[in-house]
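Visitor: One predicted model, sequence on top.
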Amino acid sequence: MAFPFSASALDARTQLFPILTPEQIDRIRSCGRLRNVRKGEVLFKPNDTNISFFVVLSGKMEIVQPDMDGGERPVTTHDAGGFTGEITMISGQRCLVLGRVTEAGEFLELTGDELRSLVARDAELSEILLRAFILRRLELIRGGYGNVILMGSRHSARTLELREFLSRNAYPYTYVDLDTDRDAQALLDRFQVRISEVPVVICNRGGVLRSPSIQSLADCLGFNTAIEDTHLRDVIIVGAGPAGLAAAVYAASEGLDVLVIETTAPGGQAGSSSKIENYLGFPTGISGQELAARATTQAQKFGANMMIARSVVRLDCGASRYELVLDSGESLGARAIVIATGAQYNKPAIANLERFEGQGVYYGATYIESQLCGEEEVAVVGGGNSAGQAAVFLSQTSRKVHMLVRGAELASSMSRYLIQRITENPRIELHLHSEITALEGGSRLERVVWQDRQTGALSAGAVRHVFIMTGASPRTEWLRGCVAMDERGFILTGRDLEGTAQSAAQGQYRPWPLNRAPLMLETSLPCVFAVGDVRAGNVKRVASAVGEGAISIHLVHRALAEV
């Protein structure tokens, strides 16, 4: 038994499980070593880290996934010319499957570092291996070949949070909907779990987490087990949105020792966009999640490390080297820092807003949220590109999308192609000069009231799902006292720092200590840069964020050369 394949050409078996040519294998030989294997030998198993990459020269092996009952689910088999591995070979995270030799023979073995070195310098093999790794991970997700079972309810905000975390990190899992699954109670009874402890995660085929936090789930899955926290890095990038990921790709590809720290999942605010159609090179558009996944794989391919579900709570900027203090208490040292923490949507002043968060009020429109909405009416609050993309995406399945915009028009804040899509879509009803005044309901949102700010007229509808994408505030509280910011908390860089000496003298942040002027994206601290939405004056577009991330690494080299 092998993976269930879809009809897409991308899922063709020749791309999922390609057979390497003798010439390609010869190029791999120089990077690894021969290993004689015997029948029944287990080469790797679930939860192993730093596993080897194998090319089958002779003999056979099977890939299976052990289940909780002691059985095994067949995944695939590898014959001569085949090779093992999926995304965990690049990311360094724990293995998901078991590899067992079924016919003795000779295998070619490479360590993870040797494999990353190979794909970094051999373009043809890089394309073959990375494409197979990515497609194999997609099939693991589609087939539910993960070591995680998430039992939850569509009416639970925490369930939604955990599902989004797993999905945006491309981690395979099986979801059990307690609202519809008749056998769910038996599973709960098996692990002695009470309904009040839902959502429940059965992690690594046995460990039970009751209503876990994102951090505890990440720890259970071993997301950060391969990260060392003892040595001084060349550069630490805080935030894995488009700007942070671009910085990671260029830093790692140029040989810098780089670590990326991300609070939830790669992609940032852009990661929740259903489709980005004005990004260069993607004429048919690309989802924010897919763009983030590709960029993450690209950065890890060059050797960048990724720390997930960790937040920076403080920057120690007074010592001889920069120290980033995490919410876990760990301290990480770096010669240079790139701040790419982005911005978060502002929460409008609406009574009961927090009560309905995750239970009718959302701050991102992904496939998971669209499933919750079904064919019901929804409301999208905001007049920017993210709000426009959400409205168009949700209109594909919802009966009606009410788009509530405080302003008088969309042209000043939204791309023209989105405006045209919205105005020509019969399922989208645009309400200008409008804002929500009340959210009503019991355990879940059931009704929304909004007001026309020009006429004062009130409107109401049986809207059970509201998507809020209004304005943005930077995530810079942890930088207070270290770097210069504007009145809204966005970080000042380069020439924008001119005229801020008085604020520095008043102790609001540390004064610029060098004779040279700050570089273009450099903050008021030498070798500390700000890119993307967190930077004052930034153009709020994915392309500009990627550009700033790439440029920042060029500037990091310049700044470090002067230290």
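Guide: That came through fine. The structure presented is a predicted model; accordingly, all values stated were derived computationally and were not measured. Numbers count the residues shown, from 1 in each chain.

Visitor: Would you mark the buried spots in stretch 449-461?
Guide: W450, Q451 (16 or more other C-beta atoms under 10 Å). Heads up, the C-betas are built off the backbone N, CA and C, glycines and all.

Visitor: What part of this protein, helix or strand, is modelled with the least confidence?
Guide: One helix or strand of the chain scores below all others by mean pLDDT, DSSP states H and E: helix 501-505, with a mean of 62.

Visitor: Find the residue ranges of the chain scoring beneath the pLDDT cut-off.
Guide: 1-13, 187, 190-191, 205-206, 501-507 (pLDDT under 70).

Visitor: re the thing from before, state the next helix or strand along the chain beyond the least confident helix or strand of the chain.
Guide: Where DSSP states H and E defines the elements, the next helix or strand beyond helix 501-505 is strand 528-530.

Visitor: what about stretch 342-361, start to end distance?
Guide: 21 Å (C-alpha to C-alpha, to the nearest Å).

Visitor: outside of it, which residues touch it?
Guide: The contact list for stretch 342-361 (C-beta atoms under 8 Å, 6 or more residues apart in numbering) reads 155-158, 160-161, 239, 241, 243, 268-269, 363, 381-382, 435-441, 443-446, 464-466, 468-475, 490, 532-534.

Visitor: Quick one: distance of it to the chain centre.
Guide: The chain centroid and the centroid of stretch 342-361 are separated by 21 Å, computed with C-alpha atoms, centre = their mean, to the nearest Å.

Visitor: which parts of stretch 437-452 are buried?
Guide: L439, L445, V448, W450, Q451.

Visitor: List the contacts of that stretch.
Guide: 155, 350-353, 355-356, 359-361, 379, 402, 404, 431, 433-436, 457-466.

Visitor: Buried ones among those?
Guide: 350, 356, 359-361, 379, 402, 404, 431, 434-436, 463-466.

Visitor: and which of the residues you listed is nearest to I141?
Guide: I141 has its nearest neighbour among the buried ones among the contacts of stretch 437-452 in H465, at 24.8 Å by C-beta to C-beta.

Visitor: so P266 touches G239, yeah?
Guide: No - assessed by C-beta atoms under 8 Å, P266 is found out of contact with G239, at 9.6 Å.

Visitor: Between these two, tell me which one has more neighbours.
Guide: Shown here are P266 and G239; by other C-beta atoms under 10 Å, P266 has more neighbours (30 against 27).

Visitor: residues contacting that one?
Guide: R168, N169, A240, G241, L245, A292, A293, A295, T296, M306.

Visitor: Skip the chain neighbours and tell me the closest residue to G267.
Guide: In space, and not counting its chain neighbours, G267 is closest to A292: 3.1 Å by C-beta to C-beta, 6 or more residues apart in numbering.

Visitor: Tell me the spacing between that neighbour and P266.
Guide: According to C-beta to C-beta, to the nearest Å, A292 and P266 sit 4 Å apart.

Visitor: what sits in contact with each of those two?
Guide: Joint contacts of A292 and P266 (C-beta under 8 Å, 6+ apart) are R168, A240, G241, L245.

Visitor: So the last one lies in a helix, does it not?
Guide: Yes - L245 sits within a helix when classified using DSSP: H, G, I helix; E, B strand; the rest coil.

Visitor: That one: what's it in contact with?
Guide: V260, P266, A292, A295, T296, A299, V546, G549.

Visitor: do the same with the first one
Guide: Taking C-beta under 8 Å, 6+ apart as the definition of contact, the neighbours of R168 are T264, A265, P266, G267, G271, Q289, A292, T366.

Visitor: So what's the residue count around the fifth one?
Guide: Pointing back at G271 there. Neighbours around G271, by other C-beta under 10 Å: 24.

Visitor: Please confirm that it is located within a strand.
Guide: No - under three-state DSSP, G271 sits outside any strand and is assigned helix.

Visitor: That one contacts Q289, doesn't it?
Guide: Yes - proximity of G271 to Q289 meets the contact threshold set by C-beta under 8 Å, at 5.4 Å.

Visitor: G241 is in contact with G532, isn't it?
Guide: Yes - with contacts defined as C-beta under 8 Å, G241 counts as touching G532 at a distance of 5.9 Å.

Visitor: can you give me the strands in the stretch 101-250 of the chain?
Guide: 105-110, 148-152, 174-177, 200-203, 207-210, 233-238 (DSSP state E, counting those that start in this stretch).

Visitor: Direction included, what does the second one pair up with?
Guide: Here strand 148-152 has these sheet partners by DSSP bridges: strand 174-177 (parallel), strand 200-203 (antiparallel).

Visitor: Tell me which of the ones you listed lies nearest to L514.
Guide: Nearest of those (C-beta to C-beta): strand 200-203, 48.7 Å.

Visitor: got the CA positions of the closest one in PDB?
Guide: Output of strand 200-203 as PDB, limited to C-alpha atoms (Å, rounded to 0.1, in the frame of the first residue of the first chain):
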ATOM      1  CA  VAL A 200      -7.100  17.200  23.800                       C
ATOM      2  CA  VAL A 201      -3.900  16.400  21.900                       C
ATOM      3  CA  ILE A 202      -2.600  12.800  21.800                       C
ATOM      4  CA  CYS A 203       1.000  13.400  21.000                       C
END
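
Visitor: what does that strand contact?
Guide: So strand 200-203 is contacted by 68, 147-152, 162, 188, 191, 193, 208-212, 217, 220-221 (C-beta under 8 Å, 6+ apart).

Visitor: Just the buried subset of those, written out for PyMOL, thanks.
Guide: To isolate the buried subset of the contacts of strand 200-203 in PyMOL, counting by 16+ other C-beta under 10 Å, use the following:
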select buried, resi 147+148+149+150+151+152+162+188+193+208+209+211+212+217+220+221
